[in-house]
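Trainee: Below is the structure, and that's it, no one-letter string:
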């Protein structure tokens, strides 16, 4: 094969690329839905980056080569795509998206009854104990993340304070399951970490209660 | 006859010119800014093609590219292939309304064929290079 032939084939490939369709297959679905999920994927990628870089986890996507996000939250289905977290060769946790967890109040009052609507809440991203199925219990959650691609307001602050209340009780600082990121300790028992990512810089004006209750706020534009 | 250093330089120049003429000047600049550690025209051409293949595999949507690049850097898949994209599974109600069960955020499928073509070209260039370095002593280079 001579240089002229290589050049021709390269030119052909590049011209095909420059005219390849870039239309979005999701143009029929409302922008509000896709924008929210795109933001969730953005935050997920940031969380994975920190867990890989700062906590030295090896992170493996299982059951698919696509990351799955759900527009409606639900329980953990072990056959569904998710991420496994490894330290060395040991799998020690899993990352799931759009999961409902069973609340602390349900755990303390639920003998012999099934959960009702008020007994579980959604988290956009969770790190949980490995090998779970169904809704994880509040004490099986290592990290919960809420992603808000919207203006931040007091209602959202109250919502996250409610989630914190249903994850843990206020305690003296307890060691978390992480050595550095997002926190090595938190005033909560069980000692779960709770993060809020928002596209709205106003979220930081609501961050002060989080200093006591262990909620970390991030202004993260996309 | 194996390609010479000036052939490799010529092919790379043509490649870059085609990129710029095709509206891919920004991609060309990004790739050039990452070109380090090569000392031969062949090394430059091979690295440019490798970076171009990697860049194309992220697609052309800026937001999706950024997320996909970070996901790929931080994690791996069971099969060892890079993460292909992300998929939003719609609720039953939304599926009925929009007549689809999911929405994919991933590079356009037609890119795969283009990437395969470029990979084949790169492999052939390596094959040609091997023929050149394995030539008999005294044989002409070009």
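Mentor: Nice, I can see it. For clarity, every value in this text was computed on a predicted model and none was experimentally measured.
Trainee: Residue A:97 belongs to a strand?
Mentor: Yes - assessed with DSSP: H, G, I helix; E, B strand; the rest coil, residue A:97 lies in a strand.
Trainee: does it really touch residue A:124, like I thought?
Mentor: Yes - applying CB atoms under 8 Å, one finds residue A:97 in contact with residue A:124, separated by 6.5 Å. No exception for glycine: its C-beta is placed from N, CA and C like everyone else's.
Trainee: which sections of chain B are below the confidence cut-off?
Mentor: Of all residues in chain B, those with pLDDT under 70 make up the ranges B:60, B:132-142.
Trainee: Tell me where it has strands.
Mentor: With DSSP state E as the criterion, chain B has strands at B:76-77, B:85-89, B:102-105.
Trainee: Switch the ones you listed over to CSV; also include distance to residue A:17.
Mentor: As requested, the strands of chain B are arranged in CSV below (distance: least, CB to CB, whole Å):
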stretch, distance to residue A:17
strand B:76-77, 25
strand B:85-89, 18
strand B:102-105, 19
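Trainee: Turn these into JSON lines, columns for mean neighbour count.
Mentor: JSON lines is the format used below for the strands of chain B (neighbours: other CB atoms under 10 Å in any protein chain shown):
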{"stretch": "strand B:76-77", "mean neighbour count": "18"}
{"stretch": "strand B:85-89", "mean neighbour count": "22"}
{"stretch": "strand B:102-105", "mean neighbour count": "20"}
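Trainee: Next, show the common contact partners of residue A:97 and residue A:124.
Mentor: Residues touching both residue A:97 and residue A:124 by CB atoms under 8 Å, 6 or more residues apart in numbering or on different chains: residue A:40.
Trainee: neighbours around the residue lying closest to residue A:185 once chain neighbours are set aside, how many?
Mentor: Excluding its sequence neighbours, the residue lying closest to residue A:185 (CB to CB, 6 or more residues apart in numbering or on different chains) is residue A:173, at 4.3 Å. By the criterion of other CB atoms under 10 Å in any protein chain shown, residue A:173 has 13 neighbours.
Trainee: Now do the same contact list for residue A:173.
Mentor: Going by CB under 8 Å, 6+ apart, residue A:173 touches A:185, A:186, A:187.
Trainee: So residue A:219 sits against residue A:200, correct?
Mentor: Yes - here residue A:219 reaches residue A:200: they are 7.2 Å apart, a contact under CB under 8 Å.
Trainee: Now do the contacts for the residue of chain A found nearest chain B.
Mentor: Nearest residue of chain A to chain B, counting by CB to the nearest CB: residue A:18, 3.2 Å away. Residue A:18 makes contacts with B:22, B:23, B:24, as judged by CB under 8 Å, 6+ apart.
Trainee: Just among these, which is most surrounded?
Mentor: In the contacts of residue A:18, the most neighbours by other CB under 10 Å go to residue B:24, 21 neighbours.
Trainee: my read: that residue touches residue A:16, true?
Mentor: No - Residue B:24 lies out of contact with residue A:16 (CB under 8 Å); the separation is 11.9 Å.
Trainee: tally of neighbours for the closest residue to residue B:68 other than its chain neighbours?
Mentor: Spatial nearest neighbour of residue B:68, chain neighbours left out: residue B:58 (5.3 Å); criterion: CB to CB, 6+ apart. If you count neighbours by other CB under 10 Å, residue B:58 ends up with 20.
Trainee: ok, residue B:58 - contacts?
Mentor: Residue B:58 neighbours (CB under 8 Å, 6+ apart): B:64, B:65, B:68, B:69, B:107.
Trainee: Let me have the residues you listed in JSON lines, adding neighbour count and distance to residue A:89 as columns.
Mentor: As requested, the contacts of residue B:58 are arranged in JSON lines below (neighbours: other CB atoms under 10 Å in any protein chain shown; distance: CB to CB, whole Å):
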{"residue": "B:64", "neighbour count": "21", "distance to residue A:89": "33"}
{"residue": "B:65", "neighbour count": "15", "distance to residue A:89": "32"}
{"residue": "B:68", "neighbour count": "25", "distance to residue A:89": "27"}
{"residue": "B:69", "neighbour count": "17", "distance to residue A:89": "27"}
{"residue": "B:107", "neighbour count": "22", "distance to residue A:89": "33"}
